[in-house]
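A.B. asks: give the three-dimensional model of this entry:
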Amino acid sequence: MTATDLARYRLTGDQFHGLGTGFGDAAALDILRSGQASKRRLLLSTTIAQASGTAGWRRWGLADAVTLLLAAVEGRPDIERLIFTHPLLDTWATRCLRQLDDAAPQEDGLPGLGYLAGLAAAAALRAGLDFTVTVPAPGGQVVLPTLGLAYGIGDGAALVSARAGLLTVAGTERTTSVPAPYTVDSPGWRAHREMVLDSPAGRLHLVVDDLDPYRICFGQGLAARLDAATAARLHALLAGAWSLIGAEHPGHALAMRTGLRCLVPLRAPQSGSVSSSARTAYGAIAASQPPDGAGMALLMIHEAQHMKLGALLDLVDLYDPEDSSVYHAPWRLDPRPVGALLQGVYAHVAVIDYWRKRRLVDRRAAEFESAYWLEQTWRAADTLAGCAALTPEGERFVGYLRATLEGWRREPTGRSVARATRDIARAVSVRWRMANFEPPPGEAARLARAWRLAQPSPPVAAPRPRLIEAGGAPLSGLARAIQGRCIQNPATGDSSPDAPTQSYLDGDIPAAAGGYAAAVTANPADDEAWIGLALATHHSGDPAVAVPLTWRPDLVRAVTAELHAAGLATSATAVAAWLSSSGALPPGAGTADLDRG
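C.D. replies: Numbers count the residues shown, from 1 in each chain. Okay, here's the model as predicted:
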């Protein structure tokens, strides 16, 4: 359990290729799992070495906890394996080391060091040892990671002991006793819940962790302790999800059986469901409860893919983490750094695969979802391939991902679905550019002056990045209406779309373009109308108008607004054509990377 125990990990070319395609064979996945366990040994050893001189170390008698932990794992590889596959051990140790690096030792020690004592007690209980150890009880709770939590015992320190398998937690206000195997809730004790799931791909043991304090690493609202009924419903959802994954996605099932150990329940959002993964919590994913097992399967596949790539990145440098450039990730409204873009592409490869297989069950909706995410992920992968921050290994890895996507792009897709997904992807892109691009100060006024003087458009300055902070990329009203029409689900779009949108849906592109043009002339701040105008002009066959409206909608909007403020209700399409007329805005303008520097 020291740094000298660490092994060297090497992936063969075939194993790296397999992971790069979005999947990975058993040997490659086992290397990722083993690498994470080795990483945790190093983190734990380093934390012990750096914390041993602090006030907290002495106050809580943590040298005794380390001795107990070593005794518990001695000759017990099963317990050692369980400790070092505990997903939140990584999060705890990483935070402790950060505190040790960033803060002067406090009189009462660093927050969180007591977790080590709880970990030692949990290991000793599993090993059947008799022991007594001091464990901090902040808030009157003692956490025994991987086992459970004692509560209501009083703040301060607690004596945790075991005799003949009986666990006793003696706090300042109350003593709680729990008989082995500590898996059932009792007064003063909340047990970890382990769920056993079966499918054609085999058995999955999954701990539902709604107790550990370090599950905060997922950056989402955490669910409180699940009551029995909610836990039973979650069990049913997970059982349905695992059955589907095992039957339809054996490759993803293999990755989960190799590495997935824990699910952290999240608080339900106002609508839909939410999920998350964390780089410092390999082996765990977090999710709220979706409506059915199919929805849970999608969340699990998505987040397990993130988990897998995170483990690979601990072994292989795929990009320069110091690179400050940011890019368009179609599933986000804000620009993303190269690492986040790579994570998104990799995870969405799994999402596409999920929907490809679901076409046999739910043809219409699944065909749309697979085609839509394939279009967006292909665009993101194309952007990723041009990132200067990629290492040679990263370039190879992205090449493997693109080969997978290219093979799927050759699969037949209905014409109406293909057009709808391209239109929606274009709408998302236009919205992103309006949110993240703006002309440099004075640029719109300069161009508007040239317009009023009836001069040709002068050269156009590159856009200035706004670098907003946002989350997911919501679809515009037109995009939702296109989706609803495509999958024949009117509930997806507005039940009473405006006249231009209705014209667009009916295929009357000239009427739609005219309606949207009138809307932005009347109100240049109408983002929805700008998106509609960009899509309509794309289908009008006039690239001189479509290119600036697609690639620099921010500029066309800003110039139109300047003219509008001067009392000139000028057509936005005329402004777009004027910007193109002198070659001042070449095709592809506005697609350059945004750079934080």
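A.B. asks: can you give me the end-to-end span of stretch 460-469?
C.D. replies: 27 Å (Cα to Cα, to the nearest Å).
A.B. asks: and the nearest residue to Arg190 once chain neighbours are set aside, what is it in contact with?
C.D. replies: Spatial nearest neighbour of Arg190, excluding adjacent residues (Cβ to Cβ, 6 or more residues apart in numbering): Leu149 at 4.9 Å. C-beta here means a position set from N, CA and C on the backbone, and glycine is covered the same way. Leu149 makes contacts with 141-143, 189-190, 211, as judged by Cβ atoms under 8 Å, 6 or more residues apart in numbering.
A.B. asks: now do the SS call for Leu149.
C.D. replies: strand (DSSP: H, G, I helix; E, B strand; the rest coil).
A.B. asks: which strand residues bridge it?
C.D. replies: Under DSSP bridges, the beta-bridge partners of Leu149 are Val143, Arg190.
A.B. asks: does Gly24 really touch Ala255, like I thought?
C.D. replies: Yes. Using Cβ atoms under 8 Å, Gly24 is in contact with Ala255, at 6.7 Å.
A.B. asks: what touches both of those two?
C.D. replies: In contact with both Gly24 and Ala255: Lys308, using Cβ under 8 Å, 6+ apart.
A.B. asks: which pair in the contacts of Leu149 spans the largest distance?
C.D. replies: Pairwise distances across the contacts of Leu149 peak at 11.8 Å for Val143 and Trp189 (criterion: Cβ to Cβ).
A.B. asks: the more surrounded of these two?
C.D. replies: Ranked by neighbour count (other Cβ atoms under 10 Å), Val143 and Trp189 place Val143 first, with 26 against 22.
A.B. asks: could you measure from the more buried one over to Gly114?
C.D. replies: Here the criterion is Cβ to Cβ, to the nearest Å. By it, Val143 lies 9 Å from Gly114.
A.B. asks: and for Asp314?
C.D. replies: Relative to Gly114, and taking Cβ to Cβ, Asp314 is found at 27 Å.
A.B. asks: tell me which of the two has more neighbours.
C.D. replies: More crowded of Asp314 and Gly114, by other Cβ under 10 Å: Gly114, with 24 against 16.
A.B. asks: who's in contact with the more buried one?
C.D. replies: 56, 60, 62, 135-136, 138.
A.B. asks: now swap in Gly148 and tell me
C.D. replies: By Cβ under 8 Å, 6+ apart, Gly148 lies in contact with 178, 182, 189-192, 211.
A.B. asks: going by neighbour count, which of those comes out on top?
C.D. replies: Val178 (25 neighbours).
A.B. asks: quick one: that residue and Leu167 touch, right?
C.D. replies: Yes. Contact criterion Cβ under 8 Å: Val178 and Leu167 qualify, at 4.4 Å.
A.B. asks: next, Asp334: phi, psi?
C.D. replies: phi -100, psi 150 (degrees, to the nearest 10).
A.B. asks: the closest residue to it other than its chain neighbours and Ala347, how far apart?
C.D. replies: Spatial nearest neighbour of Asp334, excluding adjacent residues (Cβ to Cβ, 6+ apart): Ala470 at 4.3 Å. From Ala470 across to Ala347, the span is 19 Å (Cβ to Cβ).
A.B. asks: who are the contact partners of Ala577?
C.D. replies: 542, 544-545.
A.B. asks: ah, wrong one, I meant Ala63
C.D. replies: With Cβ under 8 Å, 6+ apart, Ala63 has these contacts: 52, 57.
A.B. asks: helix or strand for it, which one?
C.D. replies: helix 62-73 (DSSP states H and E).
A.B. asks: starting at the chain centroid, how far to that helix?
C.D. replies: Centroid separation for helix 62-73 versus its chain: 36 Å, with Cα atoms, centre = their mean, to the nearest Å.
A.B. asks: and what of stretch 284-292?
C.D. replies: On Cα atoms, centre = their mean, the centre of stretch 284-292 falls 13 Å from that of its chain.
A.B. asks: tell me the SS of Val326?
C.D. replies: Going by three-state DSSP: Val326 is strand.
A.B. asks: and the one 4 residues further on, by the same measure?
C.D. replies: Local secondary structure at Pro330 is given as coil here, using three-state DSSP.
A.B. asks: Gly165 versus the residue nearest to it when sequence neighbours are not counted, what's the distance?
C.D. replies: Distances taken as Cβ to Cβ, 6+ apart place Gln376 nearest to Pro330, at 4.0 Å, with adjacent residues excluded. From Gln376 over to Gly165 the distance is 55 Å, taken as Cβ to Cβ.
A.B. asks: what about the two, which has more around it?
C.D. replies: Shown here are Gln376 and Gly165; by other Cβ under 10 Å, Gln376 has more neighbours (24 against 14).
A.B. asks: does that one touch Ala427 like I think?
C.D. replies: No. If you go by Cβ under 8 Å, Gln376 and Ala427 don't touch, sitting 11.3 Å apart.
A.B. asks: distance check, Trp408 against Phe218.
C.D. replies: Relative to Phe218, and taking Cβ to Cβ, Trp408 is found at 30 Å.
A.B. asks: I should have written Leu453 there, sorry.
C.D. replies: Distance from Leu453 to Phe218, by Cβ to Cβ: 57 Å.
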